[in-house]
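S.K.: A structural model of the following input is requested.
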Amino acid sequence: MGFLDRVFRRRIRDLSTVEGPTRVELRCEVTSPQTTRSPVSGRSAALIAWRLMAQRSRSGDTSNNVTETLYDVLSSGLYGPDTLSLSHEGERLEVPLAYARLALVEDPRDGQLLSPVPPELAEAVERLRTDKPIAYREAFLLQGDSVSLEATVERVSSAGSGYRDRGAGPTFRAALDEPIVIRDLT
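M.R.: This is a model prediction of the structure:
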């Protein structure tokens, strides 16, 4: 399948018709438990995205001496599991995060200066090549949050076929060879 076919093909919004790999765009709920704890802020969530940024200031209008603080992203990463569990109309989906692009809600003016640098981020900070102050920001996905999922999904074959086997694992899994986008809708 060519690039244009992937970009312009219709996205299914209902999992009931999915037999083979199918491109979907679904509104889902995060079902992963909030077992991930940030080593920096101490907050717990299903998934935590972090960013290291260079802080810079921009002077505004000279008549009111307003200075705006801005941040340039230098590095980013995730705290959390390798896969995110989602639910769409009772069907369970598993999404591998290493291949996903995340669009999480965050305040662009938010940033906490790292002084001192936490040991968990020391290696990432050492790789940065800047003499500007380094700031840190986190964005969270919580259990129960609404997200939009754009991905190619396929049905997971189950070893058992009895009613007791249902619910033991995900019904669908996002394919790794296609783009995966998760957008926070909360």
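S.K.: Low-confidence regions, this structure specifically.
M.R.: By pLDDT under 70, the weakly predicted segments of the chain are 1-11, 60-65, 109, 158-169.
S.K.: which residues in this structure form strands?
M.R.: Ranges of strands within the chain are 22-30, 36-37, 44-45, 47-59, 67-79, 83-88, 91-96, 100-103, 112-113, 134-141, 146-155, 172-174, 180-184, based on DSSP state E.
S.K.: For residue 150, list the residues it contacts.
M.R.: 11, 23-25, 179-181, 183 (C-beta atoms under 8 Å, 6 or more residues apart in numbering). Every residue, glycine included, has its C-beta placed from N, CA and C.
S.K.: that older thread, please render the strands of the chain as JSON lines that adds distance to residue 16 to the earlier fields.
M.R.: Listed next are the strands of the chain as JSON lines, based on distance: least, C-beta to C-beta, whole Å:
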{"stretch": "strand 22-30", "distance to residue 16": "11"}
{"stretch": "strand 36-37", "distance to residue 16": "32"}
{"stretch": "strand 44-45", "distance to residue 16": "31"}
{"stretch": "strand 47-59", "distance to residue 16": "28"}
{"stretch": "strand 67-79", "distance to residue 16": "32"}
{"stretch": "strand 83-88", "distance to residue 16": "11"}
{"stretch": "strand 91-96", "distance to residue 16": "9"}
{"stretch": "strand 100-103", "distance to residue 16": "24"}
{"stretch": "strand 112-113", "distance to residue 16": "45"}
{"stretch": "strand 134-141", "distance to residue 16": "26"}
{"stretch": "strand 146-155", "distance to residue 16": "11"}
{"stretch": "strand 172-174", "distance to residue 16": "11"}
{"stretch": "strand 180-184", "distance to residue 16": "21"}
